[in-house]
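> Sequence and predicted structure are below.
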Amino acid sequence: MTVMAVKSLSVTRRNRAVLKDVSFEIGAGELVGLIGPNGAGKTTLMRAALGLIAAHGQSSLAQMSPRDRARAVAWMPQAREIAWPVTVENVVTLGRIPYLGGAQKPNDADRDAVEKAIAYLDLEALRHRTATRLSGGEQARVLLARALAQQTPLLMADEPTAGLDPGHQISTMQTFGKLVKAGTSVIVSLHDLGLAARHCSRLIVIDDARIVADGPPEKVLTPELIQSTFSITAWHQTTDQGTIFQPLEVVT
Amino acid sequence: MTRLMAVLTALLALLFSAALVLGPADIGPVESLRALVVDNGGALTLVMREIRLPRAILAVLIGASLGMAGAAMQGYLRNPLADPGLIGVSGSAAFGAVLSIQTGVAATVAFALPLSALTGALVGVFLVLSLAGPRGSSLTLILAGIAISALAAALTSLTLNLSPNPFAASEIVFWMMGSLADRSMTHVWIAWPLIALGGVLLASLARGLDALTLGEDAAEAMGISLKRLRLTLVFGTAAVVGASTAVAGAIGFIGLVVPHILRPFVGAKPGQLLWASALGGAIMLLVADIAVRVVLPSRDLKLGVLTALVGAPLFLHLIYKTRKEGL
Amino acid sequence: MRVFVLNFKSIVIAGLVATGPVMGLAEAPKRVVSVNLCTDQLAMLVAGPAQLYSVSELAFDPRGSAMAEQAKTYVPNGGFAEEIYLMQPDLVIAGSFSTPATTAMLRRLGVPVVVFDYASSLADIRDRLLQMGDVLGQPERAQMIVADFDAQLAAFQAEATTNPRAALYQANGYTSGDSTLAGQILIAAGFENIATEAGFPYGGFLPLEVLAMSQPDAIITSNPDAARSRAEEILSHPVVEALRETTGAGWFSDRDWVCGTPFVLNAIAATAKLRRQLEGDGS
């Protein structure tokens, strides 16, 4: 079952092509890492696929009505914004908005989804705390719980691990892994190639507005690609503790 | 939350009754309320029905409007400093009203006055939202507000100064400071439709404002149409502020003070704050109007003076807090 | 009832005849400029031919000036020092509310300025007329006008029997009490002023409630200006309308009520007529 498909997706901004002719599909149970250098077009790709910005080409998500789309994909933008000092429980409940009409109050199904999300991310102790006063890592968990509460087949996250301590980075990726095993698909953009290599089942590499590679990490992360796309050398090995990928030097 | 609403409603009912029985004419409370209900043809009934009742009703309608509009703008801009008076919406509405009175348009059609004020307010809100940008950072927002308030005040003064009528020049005080003195049921009739319409529009924003807590992108992805949200906000605010300003002048700070005070009681949820601020705004304006009558009954003290005396220090406090947080 | 206009014409004719030789005196100013609406009218009444050169623009507005027609023979001025100086007057007459800066400037420029106090009683009207007579070198003429004024005034005061209560109500909810000219007009017409009852001897802002509760026998309001203003909205408030309908309703016109000139007799006449109507209704 395809949870999302884009075909020949292109975005032009100020007469410059920021995304050129991108096509791919994502099926159920995939943990896709979107990687590429700064300014390559990762965020643009995700927002265009969602239909949040104008684009040429086709995207299955963008074609949906806003309501259907909200039930098909949960989007976690890069800016982890929580504008008001609301409780953690309240933030997570916001994820049920696509299911609440007009002035409806959350029903049992909604409360159930919220409880599951809170439990999944181990937020029970923080439940009544003010979300804006939590640490960066805790806030990231809260926002992830919101996305989970939305109960969508696909979850899209833009740099969800940026600025988090190593523990939170790893646990975030592990949470994605658990979700994927349970049937949800996840696509995340990452700068940390080590995390991407260790946790993702598939990598899509974007460079200069185009897809330059799409496949499992061991096939994609060749030294040639790493050098031409990221201008670095790296140590890449599969060990008994999993794949390890460590960038080493900058090459010109 | 429902307990909060119950408390606010009770307080509102109490203050409404107080507003009905207080006034410069020396009448006992029981007697006044009886004269309100039973028409014995005397002067007392006239006073109660045509002077005190419309004044109390207008205080509730206008206070609720301003409180709700303030909560809505703050929710949309995600900035606690937004207030229709501060950001120039009331000033633009006043200009629209003054223009319609001075050109004689207001005298032609019954609803011409509030509709002109609505138009002025529309221009004001639209300008603010365009200038402040998608996420109104405090600095841009306040600067936009200063610019629009100044422009509106200048145009209003100009219009009044050019009028051949000898009283026009001193009217600027009413328009800039607001007053509910000696309003009549006529004012209630011309104001309430637009206030009701605007109120409904603003109330419909609750869900969207809640979603905006997570930012524009996330809200849009959750199915909230940001374009529609913005339009509804613009029209709702313009309707409500326009009608209020048309009959009572520009009363500021209610949209700033009330949401700020009530925010902790609704768990900072923007959607619920809308309703709470409506009640809270009505309460605050009733208190101000009663104070005006009790403190200096012989002078025509303007409402805006009292709301500014309370609101401006709070505004200063909020600015200080914002500076500390480095925004 | 334009009582005083008829007498004015006869005064002018008599004055021309009687004061001809008086004009020859060296002290009488020959080129007088008045910059205040009230002094304009007093000057126009008392001055000899070709003595008054200019009156203020307000004198030409029939709403505020009872002598708008007569004013047309004079040059209008806007009350500014520069234009007045260029008229080369040998005397400027101003009111106590004229801009002090303008008056001071004219004096610095060497132009003699006489400042007339505001009239707040009928006695003041006499004093101002006589003062104008002195200033313009027309004492006999002034005395004639005063005598005529006194005679007509006495006629009104002989009539009053009962004293119904009236309220004066103007823009912005202002009322005038006994210590004002308008209040004195009311008294001369035979009314009692509710403003005094309510504790406003000089007048000021009267809350609408107090007006309603005082239950006056008559309410006298100004006619709204053709150009609209919000200040005058209160005059069409339902309570004021109700009072107009259920009690006697009179009208306050700026030209006859505001300035201390003999034209207040028109105001007194109109108001006395109202009083007589009320008495005739058995109220």
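Thanks, I have the structure now. Numbering: from 1, shown residues only, chains lettered A, B, ... in the order given.
> Going by proximity to chain C, name the top residue of chain A.
Nearest residue of chain A to chain C: A:Ala103, at 38.8 Å (C-beta to the nearest C-beta). In this view, the C-beta of every residue, glycine as well, is placed from N, C-alpha and C.
> name the element residue 148 belongs to?
Picked chain A for this. Per DSSP states H and E, A:Leu148 falls inside helix A:136-149.
> My question was about chain B, not that one.
Going by DSSP H and E, B:Ile148 is part of helix B:138-162.
> What's the mean pLDDT across that helix?
Mean pLDDT, computed over helix B:138-162, is 88.
> Which positions within it qualify as buried?
B:138, B:140-142, B:144-145, B:148-149, B:151-153, B:155-157, B:159-160 (16 or more other C-beta atoms under 10 Å in any protein chain shown).
> I'd like to know which of those is nearest to chain A.
B:Ser138 (13.1 Å).
> Of the buried residues of helix B:138-162, which are in range of chain C?
Among these, not one lies near chain C by C-beta under 8 Å from any C-beta of the partner chain.
> The stretch 1-150 of chain C: helices as residue ranges?
C:3-18, C:37-46, C:68-71, C:81-86, C:100-108, C:122-136, C:139-159 (DSSP state H, counting those that start in this stretch).
> Tell me which residues of the last one come out buried.
Using 16+ other C-beta under 10 Å as the burial criterion, the residues of helix C:139-159 that qualify are C:Pro139, C:Arg141, C:Ala142, C:Met144, C:Ile145, C:Val146, C:Asp148, C:Phe149, C:Leu153, C:Phe156.
> what angle sits between it and helix C:122-136?
170 degrees (axes from the mean of the first three to the mean of the last three C-alpha atoms, to 10 degrees).
> helices or strands next to helix C:139-159 in the packing?
Applying 3 or more C-beta pairs under 8 Å, 6 or more residues apart in numbering or on different chains; DSSP states H and E, we find helix C:139-159 packed against helix C:3-18, helix C:37-46, helix C:122-136, helix C:181-188, helix C:264-280.
> Following the chain past it, name the next helix or strand.
strand C:165-169.
> Contacts (any at all) between chain B and that next one?
No: in terms of C-beta under 8 Å from any C-beta, no part of strand C:165-169 sits within range of chain B; the closest distance is 11.0 Å.
> rewinding a little: do the helix holding A:Leu148 and chain B meet?
Yes: contact of helix A:136-149 with chain B (C-beta under 8 Å from any C-beta) involves A:Leu143, A:Arg146.
> Any stretches of the stretch 101-250 of chain C with poor pLDDT?
Applying pLDDT under 70 to the stretch 101-250 of chain C flags residues C:158-161, C:224-228.
> at 90 what do you get?
C:101-103, C:118-120, C:152-164, C:170-174, C:177-180, C:186-191, C:196-210, C:212-215, C:222-238, C:241-250 (pLDDT under 90).
> Kindly report the same for chain A.
Within chain A, the ranges that satisfy pLDDT under 90 run A:1, A:13-16, A:38-41, A:101-106, A:163, A:209, A:241-242, A:252.
> Can you identify the element that follows the helix or strand containing B:Arg230 toward the C-terminus?
In this structure, B:Arg230 sits in helix B:226-248 according to DSSP H and E. For helix B:226-248, the following helix or strand on the C-terminal side (DSSP H and E) is helix B:254-262.
> Tell me who's in contact with C:Leu91.
C:Leu91 sits next to C:Pro29, C:Arg31, C:Val32, C:Val33, C:Val111, C:Pro112, C:Val113, C:Val114, C:Val135 when contact means C-beta atoms under 8 Å, 6 or more residues apart in numbering or on different chains.
> Format those as TSV; extra columns: distance to chain B and neighbour count.
As requested, these are exported to TSV (distance: C-beta to the nearest C-beta, whole Å; neighbours: other C-beta atoms under 10 Å in any protein chain shown):
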residue	distance to chain B	neighbour count
C:Pro29	31	20
C:Arg31	30	14
C:Val32	26	23
C:Val33	23	30
C:Val111	28	19
C:Pro112	30	13
C:Val113	25	20
C:Val114	26	18
C:Val135	28	24
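> Mind checking which of those land in strands?
Here DSSP state E is the test, and these give C:Val32, C:Val33, C:Val113, C:Val114 as lying in strands.
> Show me what the third one is bridged to.
Same thing as C:Val113. C:Val92 (DSSP bridges).
> List the buried residues of the helix holding A:Leu148.
Those would be A:137-149, for helix A:136-149 by 16+ other C-beta under 10 Å.
> Show me the contact partners of the helix or strand following it.
Downstream of helix A:136-149, the first helix or strand assigned by DSSP H and E is strand A:154-158. For strand A:154-158, the surrounding residues in contact (C-beta under 8 Å, 6+ apart) are A:3-4, A:26, A:42-43, A:46, A:49-50, A:72-78, A:144, A:147-148, A:176, A:179, A:184-189.
> mind running it again at 6 Å?
A:3-4, A:43, A:46, A:73-78, A:147, A:185-189 (C-beta atoms under 6 Å, 6 or more residues apart in numbering or on different chains).
> biggest separation within these, which pair?
A:Val3 and A:Gln78 (21.3 Å; C-beta to C-beta).
> of the two, who's got more company?
Taking neighbours as other C-beta atoms under 10 Å in any protein chain shown, A:Val3 and A:Gln78 compare with A:Val3 leading, 22 against 16.
> where does the stretch 151-300 of chain B come near chain A, residue by residue?
Within the stretch 151-300 of chain B, the positions near chain A by C-beta under 6 Å from any C-beta of the partner chain are B:211, B:213-215, B:217-218, B:220-223, B:267-269.
> from those residues, which would you call buried?
By neighbour count, with 16+ other C-beta under 10 Å, those hold B:211, B:213-215, B:217-218, B:220-223, B:267-269 as buried.
> Filter the residues you listed down to the ones in helices?
Judged by DSSP state H, those include B:Ala211, B:Asp217, B:Ala218, B:Glu220, B:Ala221 as members of helices.
> what two of those residues are the furthest from one another?
Farthest pair in these (C-beta to C-beta) is B:Ala211 and B:Asp217. Separation: 10.8 Å.
> Please work out which residue of chain C is closest to chain A.
C:Pro238 (38.8 Å).
> for chain A, what's the longest helix?
Max-length helix for chain A by DSSP H is helix A:166-181.
> Could you figure out how far it is turned away from strand A:154-158?
Using the same axes, to 10 degrees: helix A:166-181 against strand A:154-158 is 160 degrees.
> who touches the following helix or strand past helix A:166-181?
Using DSSP H and E, the helix or strand that follows helix A:166-181 in sequence is strand A:185-190. Outside strand A:185-190, the residues that touch it by C-beta under 6 Å, 6+ apart are A:3, A:26, A:28, A:30-35, A:42, A:154-160, A:176, A:180, A:196.
> C:Thr271 contacts C:Gly190, doesn't it?
No: using C-beta atoms under 6 Å, C:Thr271 is not in contact with C:Gly190, being 8.1 Å away.
> follow-up on the earlier one: now what about the helix holding B:Arg230, what contacts it?
Residues from elsewhere that reach helix B:226-248 (C-beta under 6 Å, 6+ apart): B:62, B:65, B:69, B:72, B:76, B:84, B:89-90, B:93-94, B:97, B:113-114, B:117-118, B:121-122, B:125, B:178, B:180, B:187, B:191, B:194-195, B:197-198, B:201-202, B:205, B:208, B:220.
> and what of stretch A:193-212?
Outside of stretch A:193-212, the residues within contact range by C-beta under 6 Å, 6+ apart are A:17-20, A:22, A:30-36, A:40-42, A:173, A:177, A:190, A:213-214, A:216-217, A:220, A:229, A:242-243, A:245.
> for the stretch 201-327 of chain B, which spans come out with low pLDDT?
Those would be B:226-227, B:230-231, B:234, B:252, B:292-306, B:308, B:310-312, B:314-327, if you go by pLDDT under 90 across the stretch 201-327 of chain B.
> Quick one: name the residues of it near chain C.
B:Asp300.
> ok, now how distant is the residue of the stretch 201-327 of chain B found nearest chain C from chain A?
Closest approach between the stretch 201-327 of chain B and chain C, counting by C-beta to the nearest C-beta: B:Asp300, at 5.0 Å. Per C-beta to the nearest C-beta, to the nearest Å, B:Asp300 is found 40 Å from chain A.
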